[in-house]
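# Give me a 3D structure for the following:
(one chain, ligands or ions: 2)
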Amino acid sequence: MTEPLFDKIAIVGLGLIGSSLARGIKKHALATTVTGFDGSADVRARSKDLGFCDSIAETVDEAVTDAQLVVLAVPVGAMAAAAQSIAPHLADGAIVTDVGSVKAAVVRQVADVLPAHAAFVPGHPVAGTEHSGPEAGFADLFEGRWCVVTPCARSTDASVEKVVALWTALGSTVETMTPEHHDIVLAITSHIPHLIAYNIVGTAADLEDVTQSEVIKFSAGGFRDFTRIAASDPVMWRDVFLNNKEAVLEVLGRFSEDLAALQRMIRWDDGQSLQDHFARTRAIRRSIIDAGQDTADADFGRPHGHDD
Ligand SMILES: NC(=O)c1ccc[n+]([C@@H]2O[C@H](COP(=O)([O-])OP(=O)(O)OC[C@H]3O[C@@H](n4cnc5c(N)ncnc54)[C@H](O)[C@@H]3O)[C@@H](O)[C@H]2O)c1
Ligand SMILES: O=C(O)C(=O)C[C@]1(C(=O)O)C=C[C@@H](O)C=C1
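Ligands and ions are numbered 1, 2, ... in the order given. Next up, the predicted model:
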C-alpha cells in the first residue's frame, strides 16, 4: 500500500466539486483524514448524513487546524470571504488550493489574504455537471478530465508538485498555464457556451407565439443539450461572468461579429459562404477527434483515451 499524499485535507465548500473531491480522495486513499466544512448548516447536516468525509466540522477553524492541504470549493464570488475565514487558522507550511472556474480574479482576491507561512496553488478541474450540492458529487468526476493549475507568486515548486500529484492521482491530466491565459481559454471553451445556452433557452421561453409545451415537446435534439447547460447553478455562473468580465467581453465581441456575418449570409442568400463556413467547422471537429487519437489533445474536454 502506498503512503497517502497528505495527512489531513480540509475541504471548504461541500457542493458538487467539494464533495466529489472528498469522495475521490477517500476512494484513492490520498489523505489520512478528510475534514469538510460548509458555510451552510443545512449542507453540513446533509454532508454528515452522506458520510463522504471522515468528519464534518461545525466551524471553519476546526476544519482547517493542522491541515496540510486546504481546498476552497466555494463559488468564485465567495473565495475572498472563504480565504479570510481560513487565514488565521492555517498551519505552518499549509498549502491552499482552489477549484474556481476563473483564475486571475481568484488570485487577486485570495493570494494577499493568506499568511506568509502558507502557499497558494490555484487550480481548476475542467469537469462538472449542471447539478450542485453535496448529493450531486461522485468519486470519479475528475477521472479522464483535464485539470488546469495556474501557479502564482504565492506558489512554491514543492506546493505545485503536491497539488499536481493530487489531481493526477484522481485520474486527471494536469496542464499548467498563467491565470490570465486560463481565463481567455475558458472564456471561449466554457463560459461563452454557457452564456449562449442561458440566452437561447431564455429566448425560446420568451417567444410569444411558441408555447412552453411546444418548447418541451420539440427539445429532443440540439435544444435539449442547451437546456441541460442552462440548468447550471445560477450563483456559480453569475460569479463566473462577473469575475471573468474582460475575457468574456473580449470573446463575446468576436462572437457577435461572426454571428452578424452569418446573419448577412442568410439575409443575402449567400449559400456558398454558409456552406463554406459549415464545412470549415465540420473539419475543425474532425481534426479535434483525430488529434485526440494519438496525442493528449482535448477530445471535447477529455484527454486522450477517455471518450464517452
Ligand atoms: N459545477 C461545475 O461544473 C464546476 C466545475 C469546475 C469548477 N467549479 C467551481 O467549483 C466551485 C464550487 O462549485 P460547485 O459546483 O461545487 O458549487 P455548489 O453550489 O455545489 O457548492 C458550493 C458550496 O459552497 C458553500 N459556500 C459558499 N460560500 C462559502 C463560504 N464562504 N464558506 C464555506 N462554504 C461556502 C455553499 O454553501 C455550497 O454548499 C466554484 O468556484 C465553481 O466555479 C464548478
Ligand atoms: O459538463 C458540464 O456540465 C459543464 O459545464 C462542465 C464545465 C464546462 O464548461 O466544461 C463547467 C464549468 C467548469 O468550470 C468546468 C467544467
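
# so after the helix or strand encompassing residue 124, what's the next helix or strand?
Using DSSP states H and E, residue 124 falls within strand 119-126. Counting by DSSP H and E, the next helix or strand C-terminal to strand 119-126 is strand 146-149.

# which helices and strands sit right next to whichever helix or strand comes after that next one?
Downstream of strand 146-149, the next assigned helix or strand under DSSP H and E is helix 157-169. Applying 3 or more C-beta pairs under 8 Å, 6 or more residues apart in numbering; DSSP states H and E, one finds that helix 157-169 contacts strand 69-72, strand 95-98, strand 119-126, strand 146-149, strand 173-176. C-beta here means a position set from N, CA and C on the backbone, and glycine is covered the same way.

# The helix or strand following the second one and ligand 2, are they touching?
So that's strand 95-98. For strand 95-98, the following helix or strand on the C-terminal side (DSSP H and E) is helix 104-110. No - Helix 104-110 lies out of reach of ligand 2 by C-beta under 6 Å from any ligand atom, never closer than 11.9 Å.

# Please report how far the residue nearest to residue 71 when sequence neighbours are not counted lies from residue 153.
Take residue 71 and drop its neighbours on the chain: the residue closest to it by C-beta to C-beta, 6 or more residues apart in numbering is residue 11, 4.8 Å away. From residue 11 across to residue 153, the span is 25 Å (C-beta to C-beta, to the nearest Å).

# quick one, which of those two is more surrounded?
Between residue 11 and residue 153, residue 11 has the larger neighbour count (other C-beta atoms under 10 Å), namely 30 against 8.

# any idea how far the helix or strand harbouring the more buried one is from the chain center?
Using DSSP H and E, residue 11 falls within strand 6-12. Offset of strand 6-12 from its chain centre (C-alpha atoms, centre = their mean, to the nearest Å): 20 Å.

# report the angle between the axes of it and helix 157-169?
Relative orientation of strand 6-12 and helix 157-169, computed by axes from the mean of the first three to the mean of the last three C-alpha atoms, to 10 degrees: 80 degrees.

# which helices and strands does strand 6-12 pack with?
Packing partners of strand 6-12 (3+ C-beta pairs under 8 Å, 6+ apart): helix 16-27, strand 31-37, helix 60-64, strand 69-72, helix 79-86.

# follow-up on the earlier one: same question for the strand holding residue 124, mean pLDDT?
Averaged across strand 119-126, pLDDT comes to 98.

# Which neighbouring elements make contact with it?
Where contact means 3+ C-beta pairs under 8 Å, 6+ apart, strand 119-126 is packed against strand 95-98, helix 104-110, strand 146-149, helix 157-169, helix 179-186.

# Just say which of those is most tucked in.
Stretch with highest mean neighbour count among the helices and strands packed on strand 119-126: strand 95-98 (a mean of 26; mean count of other C-beta atoms under 10 Å).

# right, is it up against ligand 1?
No - interface with ligand 1: strand 95-98 contributes nothing (C-beta under 6 Å from any ligand atom), its closest point being 7.1 Å away.

# what about the residue lying closest to residue 181 once chain neighbours are set aside, distance to ligand 1?
By the measure of C-beta to C-beta, 6+ apart, the closest residue to residue 181 outside its immediate chain neighbours is residue 150, 8.0 Å from it. Distance of residue 150 to ligand 1, computed by C-beta to the nearest ligand atom, to the nearest Å: 13 Å.

# same deal with residue 269?
41 Å.

# number of nearby residues for that residue?
8.

# ditto for residue 217
9.

# Show the contacting residues for it.
Shown in contact with residue 217 (C-beta atoms under 8 Å, 6 or more residues apart in numbering): no residues.

# Tell me the predicted confidence for it.
Looking at residue 217, its pLDDT reads 74.

# Same question for residue 223.
As predicted, residue 223 sits at a pLDDT of 86.

# what does the one 4 residues further on give?
The per-residue pLDDT reported for residue 227 equals 90.

# The one 3 residues further on too?
Residue 230 is assigned a predicted lDDT (pLDDT) of 95.

# residue nearest the centroid of this structure?
In the chain, the centroid-proximal residue (C-alpha atoms, centre = their mean) is residue 101; its distance is 4.3 Å.
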